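1. Below are the sequence and a predicted model for it; my questions follow.
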Amino acid sequence: MKLMEVVHVTTRFAGCRIGNNMNYEQFMQKALDQAKSAFAVGEFPVGCVMVFQGKVLVTGSRTGTTADSLNEIDHAEMVAVRRFVDLNKDIDPSGITLFCTLEPCLMCFGAILLSGIGKIVYAYEDVMGGGTRCDLTKLTPLYKNRKISIIPNILRKESLELLKAYFQNPKNTYCKGSLLAEHTLGQ
Ligand SMILES: [Zn+2]
């Protein structure tokens, strides 16, 4: 049953490969749509989509950044990875590309690595909390031996503008006055 589902996906999307910037931008736009939905309800605007063979498997957007729900777990990537697990489909995670509008933090990068996801594409660098530039060779074998490719700066400007709009609104208090806010507002 599960095998048949995978074959179906393969057949239907065999002609749509993620191998150039145009396709990266197409899926990053979908991640930006998620970020915009977060922004619309006063949440920190970060969005994520996970793609396999040209198809969006799951989406995620940041929650937990408003005063009544503050937490550092419900990051867009964690939401998406959880939804992928809940799909319970027999999909090789090394074939998945995770698109996110902000560089993943250390928590999310760890979850992405442990999940065996093959590629991260992100829009805007997180100069304060980005975790993807840590040297994996200095870590223990579980992390050291993971194969992952990371593509930055896809639709960077669009993500930057959204984050700038967030930080410019005095009602938004999450990460207010932080290094990330200063870096973003200074551009
Ligand atoms: Zn994160």
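-> Yep, that arrived.
2. so what pLDDT did Gly19 get?
-> pLDDT, Gly19: 49.
3. List the contacts of stretch 35-43.
-> Contact with stretch 35-43 is made by 44-47, 61-66, 76, 101, 159, 162, 165-166, 171-172, as judged by CB atoms under 8 Å, 6 or more residues apart in numbering. All C-beta spots, glycine's among them, are computed from the backbone N, C-alpha and C.
4. Report the distance from the helix ranked longest in the chain to the chain centre.
-> The helix that spans the most residues within the chain, counting by DSSP state H, is helix 21-40. Centroid separation between helix 21-40 and its chain, computed with CA atoms, centre = their mean, to the nearest Å, is 10 Å.
5. Buried residues, it. List them.
-> 23-29, 31-32, 34-36, 38-39 (16 or more other CB atoms under 10 Å).
6. Point out the residues in this structure that sit beside the ion.
-> 75, 105, 108 (CB under 5 Å from the ion).
7. Can you report phi and psi for the first one?
-> This points to His75. Here is the backbone geometry of His75 (degrees, to the nearest 10): phi -70, psi 150.
8. Spit out the contact partners of it.
-> So His75 contacts 46, 62, 104-105, 107-108 (CB under 8 Å, 6+ apart).
9. out of the buried residues of helix 21-40, who's nearest Val85?
-> Taking CB to CB as the measure, Val85 sits nearest to Gln34 out of these, at 18.1 Å.
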